[in-house]
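Enquirer: let's see this in three dimensions:
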Amino acid sequence: MGGDRMRRFTPTILLLASSGAFAQNAPRPEFEVATIKLNKSGDTGQTGGILPGGQLSVRNVPLSMLLQAAYGVRPNYIFGAPAWAASDRFDIIAKAPAGSEDKLPLMLQTLLNQEFKLTVHTEERPMDVYVLAVGKGGPKFQKSAQPGQMDCKRTLDARPAAEGADHPFVEGSFLATCKNVTMAELGEVLQGYAPGYINKNVVDQTGLAGQYDLKVVWAPRTLLDQGGLTMFGAVEKMLGLRLDSKKLPMQVVVVDHAEKLADN
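Expert: From the prediction side, this is the model:
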């Protein structure tokens, strides 16, 4: 079946290459041009993402989701946002300067600051996370022979179920193949590829430095009755690692001030 590639963990529909970007005490980059308008359609779905050439185009997206994309955090890592941040919807079309696509999250921060008079700060709060650690038998993968840019892809191997079945596949499994991945990046990959299992941030405490090549196979939650390993079991059996649930101090985003967008 088809595969998908991961450039960075992207927790929102906006598909921004964000990894907790937060510009403190430094000028934020800006979009060349940007328009943001209140969406009054009453629709519930959101669409959009990054288009070729560094253009950001999204429709019917709430400020709460924009904050997630701009600061690279999960929804529960944002505190203090007003109620309308989840109810009001917005359309954005913005163009980044050539060659600056990697700064899109920071540009979105700038846009939100300007349009919503937004001010935020970060602080540490105890949060539920998964800790990635080495199992008793040690890691079961090798260091990359030719270190370079991380390259991960996921494929689904499954047979279609009979008509009228409760789920569309039987005997299905996911395969994630990674080259040149660090352990911190692996945590992001697991979150992005198996959100049905990994619904919390993953913190690397393996102590393993450098880049690695590895493979891991697991069954989707909807197909566990057909056999196969959970993501937790696959990480332990195939990689020699553990995912332990713990509470750790984590950086969160606190909204200090936000104003409604003028009705345009």
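Enquirer: tell me how far Y193 lies from Q109.
Expert: Shown here: Y193 relative to Q109, a distance of 27 Å by C-beta to C-beta, to the nearest Å. From N, CA and C alone the C-beta is placed, and that goes for glycine too.
Enquirer: check R242 too.
Expert: R242 is 35 Å from Q109, by C-beta to C-beta.
Enquirer: equivalent analysis for Q149, please.
Expert: 25 Å.
Enquirer: do V33 as well
Expert: Taken as C-beta to C-beta, the span from V33 to Q109 is 17 Å.
Enquirer: the more surrounded of these two?
Expert: Taking neighbours as other C-beta atoms under 10 Å, V33 and Q109 compare with Q109 leading, 25 against 10.
Enquirer: that one contacts Q68, correct?
Expert: No - checked against C-beta atoms under 8 Å, the pair Q109 and Q68 is beyond contact range at 11.9 Å.
Enquirer: can you tell me the strand partners of the helix or strand that contains S57 and which way each runs?
Expert: For S57, the host element (DSSP states H and E) is strand 55-62. The strands beside strand 55-62 in its sheet (DSSP bridges) come out as strand 47-51 (antiparallel), strand 89-95 (antiparallel).
Enquirer: just how off-centre is the longest one within its chain?
Expert: Which is strand 89-95. For strand 89-95, the separation from the chain centroid amounts to 20 Å (computed by C-alpha atoms, centre = their mean, to the nearest Å).
Enquirer: please pull up the helix or strand immediately following that strand.
Expert: Following strand 89-95 in sequence, per DSSP H and E, is helix 104-116.
Enquirer: show me where pLDDT drops low in the stretch 51-200 of the chain?
Expert: 158, 161-162, 165-171 (pLDDT under 70).
Enquirer: mind jotting down where the strands sit in it?
Expert: 55-62, 78-79, 89-95, 119-134, 142-143, 151-160, 169-181 (DSSP state E, counting those that start in this stretch).
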